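> predicted model, plus sequence, below.
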4 protein chains.
Amino acid sequence: MLAHKDVFCEKPVGFDMDEILGTYEVIKQASSLVQVGFNRRYDKSFARIIELRDQDAIGDPQILKITSRDPEPPSHDYVAVSGGIFMDMTIHDFDMARFITGQEVESVYATGGIMIDPGIAQYDDLDTAITTLNFVNGMIGVIDNSRQATYGYDQRIELFGSKGMAHAGNVRESTTALATKAGTVDDNPLFFFLQRYIDAYKTEIESFLDSVRNREATKCTYEDGIKAIRIAEAAKQSYQEKKPVEVKNIYGD
Amino acid sequence: MLAHKDVFCEKPVGFDMDEILGTYEVIKQASSLVQVGFNRRYDKSFARIIELRDQDAIGDPQILKITSRDPEPPSHDYVAVSGGIFMDMTIHDFDMARFITGQEVESVYATGGIMIDPGIAQYDDLDTAITTLNFVNGMIGVIDNSRQATYGYDQRIELFGSKGMAHAGNVRESTTALATKAGTVDDNPLFFFLQRYIDAYKTEIESFLDSVRNREATKCTYEDGIKAIRIAEAAKQSYQEKKPVEVKNIYGD
Amino acid sequence: MLAHKDVFCEKPVGFDMDEILGTYEVIKQASSLVQVGFNRRYDKSFARIIELRDQDAIGDPQILKITSRDPEPPSHDYVAVSGGIFMDMTIHDFDMARFITGQEVESVYATGGIMIDPGIAQYDDLDTAITTLNFVNGMIGVIDNSRQATYGYDQRIELFGSKGMAHAGNVRESTTALATKAGTVDDNPLFFFLQRYIDAYKTEIESFLDSVRNREATKCTYEDGIKAIRIAEAAKQSYQEKKPVEVKNIYGD
Amino acid sequence: MLAHKDVFCEKPVGFDMDEILGTYEVIKQASSLVQVGFNRRYDKSFARIIELRDQDAIGDPQILKITSRDPEPPSHDYVAVSGGIFMDMTIHDFDMARFITGQEVESVYATGGIMIDPGIAQYDDLDTAITTLNFVNGMIGVIDNSRQATYGYDQRIELFGSKGMAHAGNVRESTTALATKAGTVDDNPLFFFLQRYIDAYKTEIESFLDSVRNREATKCTYEDGIKAIRIAEAAKQSYQEKKPVEVKNIYGD
């Protein structure tokens, strides 16, 4: 039964693919608008990369690099229901990979291990990973993840191409540096996602409200949500099978 | 007649010293709270310098440096009623000099000229200045001002002491840099005060409301407003007379 | 026949493994000293990472990241005899991977393509690659390579661990930045290896002469040369077979 | 008596003006070449400012800022014969002021005090100073000096003009930064002049030898040496008399 409500849905849109695709069929028939909560799409520094890409300042993109590290590992309670690192954490990076390049991911290869909290082994999860991406247009990319960066939330993206490179660095609490005998110390990156992406969250909600007001497609659709999940599933499978996995083999194409 | 309203007053608190001091007498007798709008006191990066100073990370402060440059010159209409560069623009830096060091200014020496808009000569004003400060505790400082920095609002403060130096740099639109054959380009400083100090303005108003709620002295009092004006007057006089001027000689001590 | 000369040998020590291993046998029986020319081991910024690692400032290393991009692609004449990108270019990064982590590489996965010069297809080579590394102690790493970075020689290394991260950035011609309406422009990285590693080359030769003088093992031995070649061969095979390859399977262990 | 030798002379060229000017007369009549050792003229980052100025990237220069701080104060033995801070230390900055702007200094105003070593009072010297400069073309400048910067040799120059600003920052031992819970720490500036200007010293000597070989005027003449001394004398007098002093009043024009 359709309530015809417009929906803002946090990521991931689900864990069970039958359920996800069933929901998708309903959504497609409804006139409802759905926006998936990939908040990083609204970050100023990442948006600036896209602006430079669209101005052809980077040329043909060739290499994408994403560093995405949390300041501290999640609780075991959270890990138990998180869907695992690829579905819970890297999924944001998979969405950014699609968003920043404007390209679909063809295949992935993931490796990693448990380096921070041995206790998560019981959840069949890992906490440190590197995932290589092959895009349909031939370009390549890599994401590195850690569940624990002592210096704060490490969120960097680099798009390298035939004309140049755009690099988005971390955002810090202040621009003040202290120079003493011990070196010149800058503030660390903002602690975690609530600090780093506070402005992005505001822009995200404004964007949703604009879509609702104008009855236009949202800037991050249910389909975007599904695509990120499929890449996450492919990464998980790649990690388990120790070989590259094509995304099209995940739940059909 | 006293309305007993609490007052948030933009800087400068006035141009006529008799009027300013008369108002001060009224305020002192009233139970009203007055906060003067020196917005930069609420900037995170400048606040960080004070935090480091109070932690004794800088040691005994010895040299203060303030760079304060506007992106574009004001209109002639504005210049005509502005009170001149020292009263209109440098007054913020004079307040910061007191705020960042926690010390009073004893004397000033100002030099400069008209380098941007010859038309302001008719208003007996200048657009480029360097003002040297001597503080009562012996430390020294310098402020440089320009009415036109092509690259944006340039707002830097450096406090140097016996243990180290704290330096607050500019805030930029994003952290994204573009590297091409032409060099590695960072975003410029945020355009002007509304962009740079938007968070400071919010904190400033919250601080005023907190003071009102708690019936406590504001964080930037009417007296702070008067002190900055006296330094500005001393700077103007120094510029005109081409010699250092003691602040105590401005409107008595 | 042994001439008993001490030898400084540029990388790679050879292309033919039988020849390389045969030479190794001779060297082991001779009293000659051999130093292989992995010049980057003598770069100050990379050496600083090792210093920080050895001081336990980074904690247990978990992720290694190397960016290694040339400013311009080699000539076809050079490509024809280069041994391919992994043997000619990435081999330096494979040596750095061992040097910076102090760990041996267990397996590699390489992906990439021809994105710069289609003409190199005839040499069965590629010009853009990402290589993932698994080390014997469980830590992971990634190297990204390009034969053409318009902004200059891009040589960065990052070692991330349980206590922190050390990051070595590029070296620039000067520290002078220009801020104009168009942004704040820094000098690009030094153009190529002769500029970036000029000091490293000097230190390298001094190190060799010290070893000769003191009849001590060199800082970069023939065995180091062989190990880098084996990783390069594994990477090449991984790229061709589109799957991870264990280094021990290259020419036996 | 003239030996007709070409001479490389360290700064200052002397303390006694009669002797200095007498020597100048001899030099002018001889065919000897004289180069004065203002080593900073050969620093790459400062040279880059001049390059940008000559390309008109900065536009009409309006403000010059020089920060020049030593890592540690000199011995009393040295202070006793040094000629005082303006003649011994700031003299380099006075030369740079002329070199970077291409303009002569018209007048100076100096203030400062003893903040580091009270013992130097007996030598009638000071250890911390700010000197404001007025140039003949109307532009203004400021130099700040300290005899003790805990974080190393602080040597920065900024030239601000109608089109933009060039800023030369400090040079560091390496480009490696360490990020931990305590912040992101960069290497400090190189310790002192022997470290910072080692390349400049080489270029300086090469420049002298080139001049000798080609019988051409040196890049830093005896007259440059005299001009810097006159500004230093004016600064000293300004400090003592607490008022701006015109350089032309020092030993006639």
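That came through fine.
> which helix or strand in chain A has the lowest average pLDDT?
helix A:17-29 (a mean of 89; mean pLDDT, DSSP states H and E).
> so how far is it off the chain centroid?
22 Å (CA atoms, centre = their mean, to the nearest Å).
> run through who's touching that helix.
A:2, A:13-14, A:34, A:222-223, A:226, A:229, A:233, A:251 (CB atoms under 8 Å, 6 or more residues apart in numbering or on different chains). The way it works is simple: take the backbone N, C-alpha and C, and place the C-beta from them, glycine included.
> mind doing that once more with 7 Å?
A:2, A:13-14, A:34, A:222, A:226, A:229, A:251 (CB atoms under 7 Å, 6 or more residues apart in numbering or on different chains).
> as JSON lines, those with pLDDT and secondary structure would be great.
Formatted as JSON lines, the contacts of helix A:17-29 follow (pLDDT from 0 to 100; DSSP: H, G, I helix; E, B strand; the rest coil):
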{"residue": "A:Leu2", "pLDDT": "59", "secondary structure": "coil"}
{"residue": "A:Val13", "pLDDT": "85", "secondary structure": "coil"}
{"residue": "A:Gly14", "pLDDT": "85", "secondary structure": "coil"}
{"residue": "A:Val34", "pLDDT": "94", "secondary structure": "strand"}
{"residue": "A:Tyr222", "pLDDT": "95", "secondary structure": "helix"}
{"residue": "A:Ile226", "pLDDT": "95", "secondary structure": "helix"}
{"residue": "A:Ile229", "pLDDT": "96", "secondary structure": "helix"}
{"residue": "A:Tyr251", "pLDDT": "74", "secondary structure": "coil"}
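> of those, keep whichever come out buried.
For the contacts of helix A:17-29, a burial check counting by 16 or more other CB atoms under 10 Å in any protein chain shown picks out A:13-14, A:34, A:222, A:226, A:229.
> what's the most distant pair in the residues you listed?
Maximum pairwise distance in the buried ones among the contacts of helix A:17-29, criterion CB to CB, is 14.3 Å, between A:Val34 and A:Ile229.
> low-confidence regions, the stretch 151-253 of chain A specifically.
By pLDDT under 70, the low-scoring segments of the stretch 151-253 of chain A are A:252-253.
> over to the stretch 1-150 of chain A?
Using pLDDT under 70, the stretch 1-150 of chain A drops low at A:1-3.
> chain C contacts on that one?
Within the stretch 1-150 of chain A, the positions lying close to chain C (CB under 7 Å from any CB of the partner chain) are A:62-63, A:65, A:109, A:111-113, A:115, A:128, A:130, A:132, A:134, A:138, A:140, A:142, A:144, A:146, A:150.
> okay, and which of the residues you listed map to helices?
Judged by DSSP state H, those include no members of helices.
> can you select the buried ones from those residues in ChimeraX?
Buried residues among the residues of the stretch 1-150 of chain A next to chain C (16+ other CB under 10 Å), as a ChimeraX selection:
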select /A:62,63,65,109,111,112,115,128,130,132,134,140,142,144,146,150
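> same list, the residues of the stretch 1-150 of chain A next to chain C, but only the ones touching chain D.
Restricting the residues of the stretch 1-150 of chain A next to chain C to those near chain D - CB under 7 Å from any CB - leaves A:Thr150.
> just to be sure, which of the residues of the stretch 1-150 of chain A next to chain C are found in strands?
Here DSSP state E is the test, and the residues of the stretch 1-150 of chain A next to chain C give A:62-63, A:65, A:109, A:111-113, A:128, A:130, A:132, A:134, A:140, A:142, A:144, A:146 as lying in strands.
> show me the contacts for the residue nearest the centre of chain A.
Note on chain A: the residue nearest the mean C-alpha position is A:His92, at 1.6 Å, using CA atoms, centre = their mean. A:His92 makes contact with A:38, A:40, A:68, according to CB under 7 Å, 6+ apart.
> redo those residues as JSON lines? Include distance to C:Ala177, secondary structure and neighbour count.
JSON lines is the format used below for the contacts of A:His92 (distance: CB to CB, whole Å; DSSP: H, G, I helix; E, B strand; the rest coil; neighbours: other CB atoms under 10 Å in any protein chain shown):
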{"residue": "A:Phe38", "distance to C:Ala177": "34", "secondary structure": "coil", "neighbour count": "23"}
{"residue": "A:Arg40", "distance to C:Ala177": "29", "secondary structure": "helix", "neighbour count": "24"}
{"residue": "A:Ser68", "distance to C:Ala177": "29", "secondary structure": "strand", "neighbour count": "21"}
